[in-house]
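> Show me the folded form of this:
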Amino acid sequence: MGEKLIYVVDDEKRIRDLIKSYLIKEGYDVKVFEDGDEAVRTFHEAAPDMMILDIMMPGMDGYSVCREIRKNSEVPIIMVSAKDDEIDRVLGLELGSDDYISKPFSPRELVARVKTIFRRVSKSASEINDNNRRNTISCKDVVITPEERSISVNRKDIELTSKEYDFLLFMIQNKNKAFTREQLLNSIWGYDFIGDTRAVDDLVKRVRKKLSSAGSKLEIVTVWGYGYKIME
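Model prediction:
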């Protein structure tokens, strides 16, 4: 596990040192940054295996860092904020973060989420390798190429965030099966976002809009009182 490198970006030294000490105890390599600009510069020189990113920082804030990183990298990102606001959580997830945790938080809970994400990433890589042997996955006019993490509609690529891609891939791999919002949170984000099922509804809304704009015939069906499914 020592080969896993984590960047911790937070303008509060106490928080940086606390997170670093707990992660090192778990065997991770850790590099800390006090501002987003330095973290982004270093990222382009040597990318880590994960980023833990504070939202509220002077200069380049966490949202801007996440947006910059997502231009060319799918590295897991956990966003940290002093505000427990649903809008902040949804915006962070929409920008492509993998998780969101509010201050004050338990360092043990943060470590548990780090481990969960790494397990999920490892599992996804294994599944992608299996899928590569089949080259593509399709449903109606949507074609997914797992090796490239690309999705096309009628042979035209569509742009999706990391979580939008993960959601559509999961649903197409499990077409004709209905999932609750809680099951989707657990499958897409890697653990139970208790009481935060709005994140799923917002994600579905965005994916539906992008599929519709691309002229796709694929529908994400609402199962009233339960969740969602995709029919073949």
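
> which stretches of the protein have low pLDDT?
Across the chain, residues meeting the criterion (pLDDT under 70) sit at 1-2, 83-90, 93-94, 122-134, 190-197.

> Can you tell me the centre-most residue of it?
Among the residues of the chain, the one closest to the centroid is Asp98, at 2.8 Å (Cα atoms, centre = their mean).

> isn't it right next to Trp189, touching?
Yes: judged on Cβ atoms under 8 Å, Asp98 makes contact with Trp189 at a distance of 6.8 Å. For the C-beta atoms, the positions are set from N, CA and C on the backbone; glycine is no exception.

> Which strands or helices does whichever strand or helix holds Leu169 pack on?
Secondary structure from DSSP states H and E places Leu169 in helix 162-173. Helix 162-173 makes packing contacts with strand 137-139, strand 142-145, helix 181-188, helix 198-213, strand 227-230 when contacts are defined by 3 or more Cβ pairs under 8 Å, 6 or more residues apart in numbering; DSSP states H and E.

> Now do it and helix 198-213, the angle between them.
On the basis of axes from the mean of the first three to the mean of the last three Cα atoms, to 10 degrees, helix 162-173 is oriented at 80 degrees to helix 198-213.

> ok so, going back, find the residues that touch each one of Asp98 and Trp189.
Common contacts of Asp98 and Trp189 (Cβ atoms under 8 Å, 6 or more residues apart in numbering): Lys163.

> contacting residues for the nearest residue to Lys13 once chain neighbours are set aside?
Among residues not flanking Lys13 along the chain, Glu34 sits closest, at 7.2 Å (Cβ to Cβ, 6 or more residues apart in numbering). Applying Cβ under 8 Å, 6+ apart, one finds that Glu34 lies in contact with Val9, Asp10, Asp11, Lys13, Arg16.
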